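*Asks:* Fold the following, please.
(2 chains)
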Amino acid sequence: MARKIHVTRPTKIELTRLKRRLKLASRIQKIVKDRLSILIMEFLQTVRECASIKENLLGQYDQAFRSLLVTEGYHGRALVLQEILLARMPFEVQYLSRNVAGVRVPLFELQEIEQEKLQTELSGCSSAMCEKTGRLSRKCLETIVDLSERQKTLELLGSEINKVKRINNALEYVIIPGLEETIKYLTMKFEERDREEADRLKRVKLLIEGRQAYAY
Amino acid sequence: MPTDRTIDSVMLKYLGNEFRTVNAQLPRIRKTLNELLKETQPFVLLHDGGRHFFRRRELDYLAEIISSDECSTLMLPIIFEVGSGRMEVIVRSQDPTQAKVFAAILDIPVDSKGGMIRISRIQLSILRKKLQTTTLYVFVP
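*Replies:* The predicted model follows:
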């Protein structure tokens, strides 16, 4: 049951104001609904992307781990550990932002570090196995950055969808019905007032007619 | 070169009255692809004071699709107009380059009628998948 909005003065101006508010609320609700549908579309798309990236990452992990085991077996654990300790991040991650239907979501851009590029590949070891392991682990790292961006986007979009849903529900079930109810109440009140006025006029007319008849 | 430094007429329409708040994520000015390609961190300023950054990969992809002349006319971000009750979104532009970009991505002929390109919601998701940072939404009642 929709609640009536309290009207301090039941005047025609108030009624016009309420009608204007109702029109605006309906327009805003339409926009909110559109925004919600777009946000849900973006959310689902991000979910699909996340799933495919995760699958991809698992494959890459598998390859990198196998390669690491082979390298370890060939060169020995000590050398591989030494190379891992020497290795640096092959790129810098820039934290930027982009906008998705009014939601600010992160955008991670990878920037190569030119002078340190050589150090990223297991530098002391020049065998093809070491290089391959380095290349595969770098790929994994890139995918992890990509995945983290999507995961954060997913989280932000999810919370925004909740917010927009709440706004939409408030408009749909509280504000708009409340305004409609108040408009209905005011309209009925004015109609009643008009009827009373017409009735009063009739009575006055009859009274005047009666007096005039008596006078003759 | 359409590098107008004022709000362009397309966006001016979206910023009237109460829609200014709803569409606060719109860019203050749009930039051409050429301009963005020259920047180290390509971005546009938004009405809410934030920055919208472009992915370099996407810009390069767009530059591959269109010719170098068209790079100086393509205004970014491309704005998708989402209207209530419509099953399609509209892209308003007098420039045929956007239609060319969409045609290349969707792999179907896309034509611009009366400065409007109509895109269905299914096609929209394909476009958004490819052009995540180079497109933005605007909501109209």
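*Asks:* Next up, the contacts around the residue nearest the centre of chain A.
*Replies:* Central residue of chain A (C-alpha atoms, centre = their mean): residue A:160, 3.2 Å from the mean position. By C-beta atoms under 8 Å, 6 or more residues apart in numbering or on different chains, residue A:160 lies in contact with A:39, A:102-103. For glycine as for every other residue, the C-beta is placed from the backbone atoms N, C-alpha and C.
*Asks:* got a winner among these for most neighbours?
*Replies:* Neighbour counts for those (other C-beta atoms under 10 Å in any protein chain shown) peak at residue A:39, which has 22 neighbours.
*Asks:* Wasn't that one part of a strand?
*Replies:* No - secondary structure of residue A:39 (DSSP: H, G, I helix; E, B strand; the rest coil): helix, not part of a strand.
*Asks:* so which strand or helix has the residue nearest to the centre of chain A?
*Replies:* Using DSSP states H and E, residue A:160 maps to helix A:128-170.
*Asks:* So what does residue B:32 look like in phi/psi?
*Replies:* The phi/psi pair for residue B:32 (degrees, to the nearest 10) reads phi -80, psi 160.
*Asks:* quick one: it and residue B:42, what's the gap?
*Replies:* Note on residue B:32: its distance to residue B:42, by C-beta to C-beta, to the nearest Å, is 11 Å.
*Asks:* Which one of the two is surrounded by more residues?
*Replies:* Counted by other C-beta under 10 Å, residue B:32 and residue B:42 do not tie: residue B:42 has more neighbours, with 22 against 18.
*Asks:* burial count for residue B:83?
*Replies:* 16.
*Asks:* Hmm, it is touching residue A:37, no?
*Replies:* No - the criterion here is C-beta atoms under 8 Å, and residue B:83 misses it with residue A:37 at 11.7 Å.
*Asks:* which one among the contacts of residue A:160 gets closest to residue B:106?
*Replies:* Proximity of these to residue B:106 (C-beta to C-beta) peaks at residue A:39, which lies at 22.7 Å.
*Asks:* For residue B:138, name its beta-bridge partners.
*Replies:* Residue B:138 has these beta-bridge partners by DSSP bridges: residue B:81.
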